[in-house]
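1. fold the following for me, if possible:
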Amino acid sequence: MYQRQSEQGESDWQDQSGFRYHGAEARYRDQEIPSYKRNPLIEALPPIYTEEEIAALLEYDPGYDEKYRQWSSELRLHLILDAVRFIQPLVNHIALGQLIGVLLRSGYVERNPFPRKEHLLKNHASLERMKEGLRALHPPQSTGREISVIGLSGVGKSTALRSIFALYDQIINHSHYQDQPFTLRQLVYIKLECPQDGSLGGLCKAFFKEVDRLLETNTYRLYVKSGRRTVDEMLIDMAGVASRHFLGILIIDEIQNLREAKGEGAAHVLNFLVQLGNELGIPVVLVGTPRAQAILTGEFRRARRASGLGAFPWDRMKEDEEWEIFTRALWRYQYVRKPTPLTDELRHALYFESQGITDLAVKVYMLAQIEAITRATCDEEEEVTKDLIEEVAQDRLRYMQRFLNALRTNDPEELKKFEDIGPIDLEFAVNVAIASLRRRNARSTNSSTPGKEKGEQTSAGIDAATGQKRPDTGTTKKRPDTTETKPVVLLQFLDKGKLDGKTGYEALKAGGYTRAAWEHLKPEIEASRETLSA
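-> Numbers count the residues shown, from 1 in each chain. A predicted model of the protein is given here:
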């Protein structure tokens, strides 16, 4: 029976109501770097990986077999959903993996819990200094324990970070170190999303909820619900909890939400994050889209004053050797009956339609396969071609074509007009494809039914024997045309939008089913131009 450690520090953990213990038991490794030696927080981490080791560990292959192409259409559509999880490590993955390893260990160097008395005194003094500096208008100079990972939506930055941190045990349980009792639940990393309103209070609440989820504590009740508490009080409590569990790295995603913070809210958030690094030695990793760039340039960069590790830009891929490596790995997952060799023409077509954005490239390739499987009437028609890639991209990515064109022309002013691009729901596309296949199979089955006797009317009102349309007596209801799938698709989009908290308009817009008013007038405008020219 595992026991739970409360926030007051008791050692009597208790397992109640089926609480399942999770975390890893500390296993200490000898360190070669002098500053890392005799520090249980660092010795309990995995070894420092080489570039080759990181690449091998980050790579993910969901598996592929040539026989999959002979499976039924429905099974192959499910395989497509599984294939999108593949990861091909590139230069950015390896560089960021090494950087995270450095940040994590350097942050622990000055927080060695031994000797204990010295550590406790130092930690208390740090928290006191944080109280004094929380409301400073301009953050102090940073010691360089913050980095920002900024890139377009879909380029793979969040997936890379998730894979990198999966190399580390998130919770490490210590009981003894060098023959001394040492009871501690070390929280190696924690990931939060910046609140939609960019508020410090919301960030604190999200932190306490995540700590409670991971460690089975009750910090949210203690520090949020226990009476009326100011944001500053919650911030100090948040810093105290992070310090008590020796938080290794704090990751905050969607940092562009700071744009919505009121007044000096963004400056106060960044001030607090800088102080976490300065006073407590906790590194902070900020993840966001280019929309966050103005905030980080105006506030966070000023705090760093060109010191520290700084920004880690995560750009879309260029059409170079890396693109070739990536597409070669992606093209392996081919589930159509007639496989297509990867040519330079296909590789270029995929780049043109995705502009090197990883998520778009994967989804367009998989959508092309879904389309080929769904519409084919024979094995020879199940093939991924350049024309099919272009057709699928123009159809499924039609709502982001202006954004892609701005990337193609490298127009920074035009790019500023766009918000974050929405994700493509491949699971929804597969569900629609499976439903379409079922309807087609049902029609095929009905059409192969033996002819009906003379006088029997078909669902279309045609006499099966004479082939003549019979008069409508008003007693037979007209059956809906099962080939008309668009209303069903639209309703599914609306239902999915409700689950995501979107309005009907937002759901249809995300699916590319709405257009600007001028687009409806386009035919009339072009006709007028032709008339004037004549």
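
2. so residue 103 touches residue 149, yeah?
-> No. The pair residue 103 / residue 149 is not scored as a contact, 11.7 Å apart, by C-beta atoms under 8 Å. Where C-beta positions appear, they are placed from N, C-alpha and C, glycine not excepted.

3. which residues are common contacts for those two?
-> Residues within reach of residue 103 and of residue 149 at once, by C-beta atoms under 8 Å, 6 or more residues apart in numbering, are residue 285.

4. contact partners of the helix or strand encompassing residue 405?
-> Using DSSP states H and E, residue 405 sits in helix 401-408. Residues from elsewhere that reach helix 401-408 (C-beta under 8 Å, 6+ apart): 316, 352-353, 355, 394, 397, 414-415, 417-418, 421.

5. tabulate those residues in JSON lines, adding columns for neighbour count and secondary structure.
-> Formatted as JSON lines, those follow (neighbours: other C-beta atoms under 10 Å; DSSP: H, G, I helix; E, B strand; the rest coil):
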{"residue": "316", "neighbour count": "19", "secondary structure": "coil"}
{"residue": "352", "neighbour count": "16", "secondary structure": "helix"}
{"residue": "353", "neighbour count": "23", "secondary structure": "helix"}
{"residue": "355", "neighbour count": "19", "secondary structure": "coil"}
{"residue": "394", "neighbour count": "11", "secondary structure": "helix"}
{"residue": "397", "neighbour count": "20", "secondary structure": "coil"}
{"residue": "414", "neighbour count": "14", "secondary structure": "helix"}
{"residue": "415", "neighbour count": "15", "secondary structure": "helix"}
{"residue": "417", "neighbour count": "10", "secondary structure": "coil"}
{"residue": "418", "neighbour count": "16", "secondary structure": "coil"}
{"residue": "421", "neighbour count": "18", "secondary structure": "coil"}
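
6. JSON lines for these, including pLDDT and distance to residue 254?
-> Shown next, in JSON lines, are the contacts of helix 401-408 (pLDDT from 0 to 100; distance: C-beta to C-beta, whole Å):
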{"residue": "316", "pLDDT": "93", "distance to residue 254": "19"}
{"residue": "352", "pLDDT": "97", "distance to residue 254": "29"}
{"residue": "353", "pLDDT": "96", "distance to residue 254": "27"}
{"residue": "355", "pLDDT": "95", "distance to residue 254": "22"}
{"residue": "394", "pLDDT": "92", "distance to residue 254": "30"}
{"residue": "397", "pLDDT": "89", "distance to residue 254": "23"}
{"residue": "414", "pLDDT": "79", "distance to residue 254": "24"}
{"residue": "415", "pLDDT": "79", "distance to residue 254": "19"}
{"residue": "417", "pLDDT": "74", "distance to residue 254": "20"}
{"residue": "418", "pLDDT": "74", "distance to residue 254": "17"}
{"residue": "421", "pLDDT": "71", "distance to residue 254": "14"}
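
7. wait, which of those is closest to residue 444?
-> residue 394 (29.6 Å; C-beta to C-beta).

8. so what's the closest one up against?
-> When contacts are counted by C-beta under 8 Å, 6+ apart, residue 394 touches residue 401.

9. kindly provide the distance from it to residue 443.
-> 28 Å (C-beta to C-beta, to the nearest Å).

10. quick check: residue 395 vs residue 387, distance?
-> Separation of residue 395 from residue 387 (C-beta to C-beta): 12 Å.

11. scratch that, residue 255
-> As judged by C-beta to C-beta, residue 255 and residue 387 stand 40 Å apart.

12. that older thread, please identify the buried residues of the helix holding residue 405?
-> Across helix 401-408, burial judged by 16 or more other C-beta atoms under 10 Å covers 403-404, 406-407.

13. name every strand pairing with the helix or strand encompassing residue 251 and say which way it goes.
-> Element membership of residue 251 [criterion: DSSP H and E] is strand 249-253. With DSSP bridges as the test, strand 249-253 is paired with strand 189-193 (parallel), strand 284-288 (parallel).

14. I'd like those strands laid out as CSV, including distance to residue 124.
-> Output for the strands paired with strand 249-253, formatted as CSV (distance: least, C-beta to C-beta, whole Å):
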stretch, distance to residue 124
strand 189-193, 22
strand 284-288, 22
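
15. so which of the ones you listed is the most surrounded?
-> strand 284-288 (a mean of 25; mean count of other C-beta atoms under 10 Å).

16. that strand: what's the following helix or strand?
-> Per DSSP H and E, the helix or strand that comes after strand 284-288 is helix 293-295.

17. so how far is that next one from its chain's centroid?
-> Centroid displacement of helix 293-295 relative to its chain, using C-alpha atoms, centre = their mean, to the nearest Å, is 21 Å.

18. how near is residue 413 to residue 406?
-> Applying C-beta to C-beta, the value for residue 413 to residue 406 is 9 Å.

19. sorry, wrong one. I was asking about residue 151.
-> Residue 151 sits 16 Å away from residue 406, going by C-beta to C-beta.

20. same check, this time on residue 354
-> 14 Å.

21. and for residue 216?
-> Counting by C-beta to C-beta, the gap from residue 216 to residue 406 is 48 Å.

22. same check, this time on residue 283
-> Counting by C-beta to C-beta, the gap from residue 283 to residue 406 is 34 Å.

23. returning to that earlier point: tabulate the buried residues of helix 401-408 (CSV), appending pLDDT and distance to residue 320.
-> Listed next are the buried residues of helix 401-408 as CSV, based on pLDDT from 0 to 100; distance: C-beta to C-beta, whole Å:
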residue, pLDDT, distance to residue 320
403, 89, 22
404, 92, 19
406, 90, 21
407, 92, 16
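
24. between those residues, which sits nearest residue 83?
-> Nearest to residue 83 among those, with distances taken as C-beta to C-beta, is residue 404, at 23.4 Å.

25. ok, the most centrally placed residue in the chain - contacts?
-> Nearest residue to the geometric centre of the chain (C-alpha atoms, centre = their mean): residue 158, 5.2 Å. Counting by C-beta under 8 Å, 6+ apart, residue 158 touches 253, 287.

26. now the element after the helix or strand where it lies, going C-ward?
-> Using DSSP H and E, the element containing residue 158 is helix 157-165. Using DSSP H and E, the helix or strand that follows helix 157-165 in sequence is strand 171-177.

27. so after that next one, what's the next helix or strand?
-> Criterion used, DSSP H and E; the element after strand 171-177 is strand 180-187.

28. against which helices or strands is that next one packed?
-> If contacts are counted by 3 or more C-beta pairs under 8 Å, 6 or more residues apart in numbering; DSSP states H and E, strand 180-187 sits against strand 171-177, helix 200-215.

29. got a list of contacts for the strand holding residue 251?
-> With contacts defined as C-beta under 8 Å, 6+ apart, strand 249-253 is touched by 100, 103-104, 107, 158, 161, 165, 188-194, 203, 242, 273, 276, 282-288.

30. stretch 276-285 now?
-> With contacts defined as C-beta under 8 Å, 6+ apart, stretch 276-285 is touched by 100, 103-104, 106-111, 123, 126-127, 129-130, 140, 142-149, 161, 239, 242-243, 247-252, 273.

31. could the contacts of helix 401-408 be laid out in a markdown table, adding distance to residue 334?
-> Output for the contacts of helix 401-408, formatted as a markdown table (distance: C-beta to C-beta, whole Å):
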| residue | distance to residue 334 |
| --- | --- |
| 316 | 24 |
| 352 | 20 |
| 353 | 17 |
| 355 | 22 |
| 394 | 22 |
| 397 | 21 |
| 414 | 35 |
| 415 | 33 |
| 417 | 37 |
| 418 | 32 |
| 421 | 26 |
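
32. closest to residue 208 out of the residues you listed?
-> Using C-beta to C-beta, the contacts of helix 401-408 come closest to residue 208 at residue 421, 32.1 Å.

33. and residue 293, what pLDDT?
-> Note for residue 293: predicted pLDDT of 80.
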